[in-house]
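Generate coordinates for the sequence data below:
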Amino acid sequence: MWAIFIFVLCTASNGGFKVQTLLGIPTDKLGHAFIFSVLVFFIMLGLIKYWRFSFLLKKIRIVAFIVSVLYAIAIELIQHYFTVDRIGDYWDVIADIIGSAMGWLVFYSVYGNLKFLDKE
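Purely as a prediction, here's the structure:
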């Protein structure tokens, strides 16, 4: 559901949105970082449920990060080629990647190294 929310948010008309800054950082970039940090966190939670006792459990962080980065690139390409008043921006992808890394760090700080899931 969160990925659908991101898609709608990133492809809907911006309605003449004027970018503000916070501490010199454009607020839209902060928004990108936030929504993608939440996306990575949710992907990792979902993968834990499906890969709980599998050798793939050790790859949750890598898979979640790669999926979110590919999704960020896809969203920007869709904005660039298929929307009327939106433009794909590589700075948005960079903000998304930073957000994905932040989501990874938040997940790690909450769940640690996932040793508690080992059934041995």
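
The spatially most central residue of the chain and L57, how far apart?
Note on the chain: the residue nearest the mean C-alpha position is F36, at 2.3 Å, using Cα atoms, centre = their mean. The gap separating F36 from L57 is 23 Å, by Cβ to Cβ, to the nearest Å. The C-beta positions use only the backbone N, C-alpha and C, and glycine is treated the same way.

got a list of contacts for stretch 83-103?
Stretch 83-103 is contacted by residues 10-11, 13-14, 28-30, 32-41, 44, 64-65, 68-69, 72-73, 75-81 when judged by Cβ atoms under 8 Å, 6 or more residues apart in numbering.

Can you tell me which of those residues are buried?
Buried members of the contacts of stretch 83-103, scored by 16 or more other Cβ atoms under 10 Å, are 10, 28-30, 32-33, 35-41, 44, 64-65, 68-69, 72-73, 75-76, 79.

Just the ones of those in strands?
Nothing among those maps onto strands, per DSSP state E.

circling back: so for the residue nearest to the centre of the chain, what pLDDT did the model give?
F36 carries a pLDDT value of 95.

For it, give me its contacts.
6, 68, 72, 95-97, 99-100, 103.
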